[in-house]
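1. Sequence below, structure please.
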Amino acid sequence: MKRAIARAIFDDVGSYPLPEGTTKEWVTETFAKLDVEPEREIGFEPELDSHKNRLYEIIRDAMWQKLNAGVNVPNYPQFQNMIAQFIVPIMDDDRTEAPLLIKEDEAKIVEMDALEQMAKEYREKRGEKLKLRICVTGPIELYYNQFSPPVYIDVLSNLAKSVGRFVKHTIEGARNYEVQCATIDEPSIGLDPRIEEEGIITALELASEYAFRKGVDTQIHLHSPIFYETVCEVKGINAIGLESAANPSLLALIDKKQLEEHDKFLRIGVSRTDILSMAAEYDETHHTNAFKDKGVLERVVNEYNSPEKVKKRLEKAYSFFGERIKYVGPDCGLGPFPSQELAYLVLKNTSEGITDFVFV
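-> A predicted model of the protein is given here:
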């Protein structure tokens, strides 16, 4: 018999390791070149064409890995710096209509262009649109990265509107895929002692407004639940993300009644992504060196993220929140993992654990 949690959606946070032999420096340089001439015709500069094709191939292959691992609503593979990807165009006077307010036609997520052909193939093969999650760095994160307190609401508001325009451009530009979930990534809220409550609700409302109006689920990805009560006041956000696999005590800080009162849901982390901590814990227990001894990291992943442990974490979270859980997946992005094979293993184990919980 299926449990109610069967309606929970398996997604991932976004980042993913690069394939062996590809450096972050090459990826950063290639993205930067494409950013300078995004509409340039193929054939104009053969070397750049080759780099663009290779980059797009890497993005598409990572997305197929996520789908093949069982992710229901995968995030576009994030290989860029989460700040630079958005703040560079927002700070470019040629691409803004006011200070820090990007023009709507300039608010592009390059990765979505890379996935369009893949999404077309997916649609032709499976007879339905590919459902995707997008992640944009939040206005609070961008503000405090660029400016010191105090908060100037007009500046923050333009940043927030710009973030919302990246979401809008992606949703409107979708042809063969469908944006099911837009996530605002705010890892520093609750952790950076400079961040105060002032401006948070205003900024998040502006950033989430378009997705909310279009009926697209809007998550916020937090590393701390300290301000979750404030987030509950944001009309445009309907799912709050918790990194509860590595920090299960976070579940006790959330009041289910408050979620119900504001009609908010949770995105629960059910597999750990803190690979360095997991490896250190494993090495101490088993007297190994996970980053030198061949095969140890695979055992680390299977030790801390076995399907059985994923299932148990989901059972615990469900016992607290039941149907208030709408999304489940890894705590955070998988970019820090040393190989795509290990990242894929995390996703595969997570999928199996979720399935074991649903079908019992």
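2. now the stretch 101-250 of the chain, which segments are flagged as low pLDDT?
-> For the stretch 101-250 of the chain, not a single residue meets the criterion pLDDT under 70.
3. Number of residues surrounding Ala98?
-> Ala98 is flanked by 11 other residues according to other Cβ atoms under 10 Å. Where C-beta positions appear, they are placed from N, C-alpha and C, glycine not excepted.
4. Repeat that for Lys24.
-> The burial count for Lys24: 12, using other Cβ under 10 Å.
5. The one 10 residues further on now?
-> Leu34 is surrounded by 18 other residues when neighbours are defined as other Cβ under 10 Å.
6. helix/strand/coil for it?
-> helix (DSSP: H, G, I helix; E, B strand; the rest coil).
7. do you know how far it is from Gln219?
-> 27 Å (Cβ to Cβ, to the nearest Å).
8. Please apply the same query to Gln78.
-> For Gln78, the distance to Gln219 - Cβ to Cβ - is 15 Å.
9. Please apply the same query to Ala246.
-> Distance from Ala246 to Gln219, by Cβ to Cβ: 18 Å.
10. Could you do Thr28 as well?
-> On the measure of Cβ to Cβ, Thr28 and Gln219 end up 26 Å apart.
11. between these two, who's got more neighbours?
-> Shown here are Thr28 and Gln219; by other Cβ under 10 Å, Gln219 has more neighbours (26 against 14).
12. got the phi/psi numbers for Gln180?
-> Note on Gln180: its backbone torsions stand at phi -90, psi -30 [degrees, to the nearest 10].
13. What number of residues are in the vicinity of it?
-> Neighbour tally, Gln180, other Cβ under 10 Å: 19.
14. who's in contact with it?
-> Residues near Gln180 by Cβ atoms under 8 Å, 6 or more residues apart in numbering: 9, 73, 131-133, 216-217.
15. Make TSV out of those residues and add distance to Asp283 and neighbour count.
-> Formatted as TSV, the contacts of Gln180 follow (distance: Cβ to Cβ, whole Å; neighbours: other Cβ atoms under 10 Å):
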residue	distance to Asp283	neighbour count
Ile9	35	20
Val73	34	21
Lys131	39	17
Leu132	37	23
Arg133	33	25
Val216	43	21
Asp217	39	22
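16. buried residues in the one helix or strand Val346 maps to?
-> Val346 belongs to helix 340-358 when elements are defined using DSSP states H and E. For helix 340-358, the neighbour count (16 or more other Cβ atoms under 10 Å) marks 340, 342-355, 357-358 as buried.
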